[in-house]
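S.K.: sequence unavailable; structure follows:
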C-alpha cells in the first residue's frame, strides 16, 4: 500500500498516511480539515523479493563480443 505525505489546507500540518489509491483522503488528525497530497512515496522491494535483483539486472546488459584477453581487440 503506498504511503502519502499530506498537508492540511486549514492548519498547514503535515502527516503521513498509508492508503489505497481508490480510498478517499483522510481528514487532518489535528483539526479535521481537508488535506491534499504533497508527496507519494515510491514502493520498495525488501527481503526475499529483492534477492536476485542484481543478477537479473546484469542479465539485461549486453554480453561482450569477445572474452577477456582476446588478441583481436587489443
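M.R.: Nice, thanks for sending it over. If you're wondering where the values come from, they're calculated on a predicted model, not measured in any experiment. Residues are numbered from 1 along each chain as shown.
S.K.: what comes up buried for stretch 4-23?
M.R.: Buried residues in stretch 4-23, counted by 16 or more other Cβ atoms under 10 Å: 4, 6, 7, 8, 17. The way it works is simple: take the backbone N, C-alpha and C, and place the C-beta from them, glycine included.
S.K.: for residue 15, see how far away residue 2 is.
M.R.: 15 Å (Cβ to Cβ, to the nearest Å).
S.K.: from the buried residues of stretch 4-23, pick the one nearest residue 39.
M.R.: The shortest approach to residue 39 among the buried residues of stretch 4-23 belongs to residue 4, at 7.1 Å (Cβ to Cβ).
S.K.: on the strand side of things, show who that closest one bridges to.
M.R.: residue 17, residue 40 (DSSP bridges).
S.K.: isn't it up against residue 39?
M.R.: Yes: if you go by Cβ atoms under 8 Å, residue 4 and residue 39 touch, sitting 7.1 Å apart.
S.K.: list the contacts of residue 33.
M.R.: Taking Cβ atoms under 8 Å, 6 or more residues apart in numbering, we find residue 33 in contact with 8, 9, 10, 11, 27.
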